[in-house]
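1. No letters, just coordinates:
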Ligand SMILES: Cc1cc2nc3c(=O)[nH]c(=O)nc-3n(C[C@H](O)[C@H](O)[C@H](O)COP(=O)(O)O)c2cc1C
C-alpha cells in the first residue's frame, strides 16, 4: 500500500480537482506571474483575484504591513473589471489543465448578479467564489456577508442566474460563523470557503500614525491559522456541503490539519508570498503524508480528527 500512488482527487460541487490544493483569491493574481515558477496544471484549481463589473482602483498606499507571523492588507479589491478579465486574463488560464474559480465582488446585489451571470456563460470557468467577506471596501461586500439575511439574499440571487458551482466565502469577522454558514447553504450555496482575513490595524508609535492608509486591513498568514482551523471545524459539523479551508496554510502539515478538521480542499494564500513554490510543495507534501500513514485516498482524512 505504501508504494501505491494515493488518490488525491476531490470534488467541490461539480468542480473536479486532481488534488485538494487551490490558491487563495488575491494572492496569486491571475496566474501569469506564478506560471514562471511551475506548471499551473499541477494545482487542484486556481482561484483568481476578486473581479467586479467595472474596474476598481483599490485603496491608497501603503496597503500592506508585515505583522508578527502574518500581514495586514488593505488592497481594496483593485481589479480591471469583468471585461478585462474575460479578454486579457482568462485566455491565458485556459491553456492549463486546471479548473478556474473566479472570486466575485460587488458593491450592490445587482453587480454580483451581473458579474456572475456573465461568468456563467463563459467557457473555461468552473466555479464562482462569492466574496461577501472582504473587510477592505467601504460599500457592499461585507454588508452582505455579515448577516444571515444579507448572505441569503446574495446567494439566492446569484444562484438563480448561474449553474456554475457556487462557493460562498465566509468572513471570520462575525459573532457566529456557523449561523452565517447555514444561511448560505440554505440559500443554495454549493460549497463554502473560509476564512477571509481578520480585521485589524497597526500603528507606527514614532510617527503616531496608522501604518495603512485605509487605517484598517485584513490579517492573514500563520497568525490566523488557529482561528481559521476552529471555524472550519465548527462549520464542517454544521453543514453538508464541501468546504475549502484556508487561513495561514504555509506547508503540507497545515493543509492536513485543515482536512482533518473537515475541509475537503484547502487554499494557500499568504504562503505564496513567502515561497512561490508553496502550493506545489503542499500538493507533494500531502501525498507524502498519505503514503507514510498508509492512506490510499485523501478523501478519507476529511473530518477524521479524533477528539
Ligand atoms: C494581498 C491579499 C489580497 C487578497 N485579496 C482577496 C480577494 O481579492 N478576494 C478574496 O476573497 N480574498 C482575498 N484575500 C484573502 C485571502 O484569499 C485569504 O482568504 C486570506 O488571506 C487567508 O488565507 P492566508 O492566511 O493563507 O492568506 C486576500 C488576501 C491577501 C493577503
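-> Here it is on my side, so go on. On a predicted model such as this, the values are computed, not experimentally measured, just so you know. Numbering: from 1, shown residues only.

2. and the nearest residue to residue 48 once chain neighbours are set aside, what are its phi and psi?
-> Excluding its sequence neighbours, the residue lying closest to residue 48 (CB to CB, 6 or more residues apart in numbering) is residue 30, at 5.1 Å. C-beta: built from backbone N, CA, C; applies to glycine. For residue 30, the backbone dihedrals (degrees, to the nearest 10) come out as phi -110, psi 20.

3. contacting residues for residue 30?
-> Counting by CB atoms under 8 Å, 6 or more residues apart in numbering, residue 30 touches 48, 49, 85, 89, 92, 93.

4. Show the backbone phi and psi for the first one.
-> Listed backbone geometry of residue 48 is phi -90, psi 170, with angles given as degrees, to the nearest 10.

5. OK, contacts around it?
-> Shown in contact with residue 48 (CB under 8 Å, 6+ apart): 25, 28, 29, 30, 31, 85, 89, 93, 100, 101, 102, 103.

6. what residues does the stretch 201-307 of the chain put near the ligand?
-> By the rule CB under 6 Å from any ligand atom, the part of the stretch 201-307 of the chain lying against the ligand is 220, 221, 224, 246, 247, 248, 249, 268, 269, 270, 271.

7. excluding its backbone neighbours, what's nearest the second one?
-> Spatially, and ignoring its direct neighbours in sequence, residue 221 is nearest to residue 70 (3.2 Å; CB to CB, 6+ apart).

8. Confirm for me that the one you found is in contact with residue 225.
-> No: using CB atoms under 8 Å, residue 70 is not in contact with residue 225; the gap is 9.1 Å.

9. pLDDT wise, what is the closest residue to the ligand within the stretch 201-307 of the chain at?
-> Per CB to the nearest ligand atom, residue 269 is where the stretch 201-307 of the chain lies closest to the ligand, at 2.4 Å. If you check residue 269, the pLDDT there is 98.

10. what's the neighbour count on the residue lying closest to it once chain neighbours are set aside?
-> Among residues not flanking residue 269 along the chain, residue 24 sits closest, at 3.1 Å (CB to CB, 6+ apart). Close neighbours of residue 24, defined as other CB atoms under 10 Å, add up to 27.

11. is it true that residue 24 touches residue 266?
-> No: contact criterion CB under 8 Å: residue 24 and residue 266 do not qualify, at 9.3 Å.

12. low-confidence ranges in the stretch 1-150 of the chain?
-> For the stretch 1-150 of the chain, applying pLDDT under 70 flags the ranges 1-3, 136-142.

13. who in it is up against the ligand?
-> Near the ligand, when you scan the stretch 1-150 of the chain using CB under 6 Å from any ligand atom, you find 24, 25, 26, 27, 49, 50, 73, 75, 77, 103, 131, 134.

14. Which ones among these lie within strands?
-> Among these, the members falling in strands (DSSP state E) are 49, 50, 73, 103, 131.

15. Turn those residues into JSON lines, including distance to residue 307 and neighbour count.
-> Converted to JSON lines, these look like this (distance: CB to CB, whole Å; neighbours: other CB atoms under 10 Å):
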{"residue": "49", "distance to residue 307": "38", "neighbour count": "22"}
{"residue": "50", "distance to residue 307": "36", "neighbour count": "24"}
{"residue": "73", "distance to residue 307": "35", "neighbour count": "22"}
{"residue": "103", "distance to residue 307": "34", "neighbour count": "23"}
{"residue": "131", "distance to residue 307": "32", "neighbour count": "30"}
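
16. Next, count neighbours for the residue nearest to residue 221.
-> As a burial measure, residue 70 scores 21 neighbours (other CB under 10 Å).

17. And residue 240, by the same measure?
-> 6.

18. Correct me if wrong: it contacts residue 185.
-> Yes: using CB under 8 Å, residue 240 is in contact with residue 185, at 7.5 Å.

19. Could you list every helix and strand in contact with the host helix or strand of residue 66?
-> Secondary structure assignment for residue 66, by DSSP states H and E: strand 64-67. Where contact means 3 or more CB pairs under 8 Å, 6 or more residues apart in numbering; DSSP states H and E, strand 64-67 is packed against strand 70-73, strand 216-220.

20. Go again with 6 Å.
-> For strand 64-67, the packing partners by 3 or more CB pairs under 6 Å, 6 or more residues apart in numbering; DSSP states H and E come out as strand 70-73.
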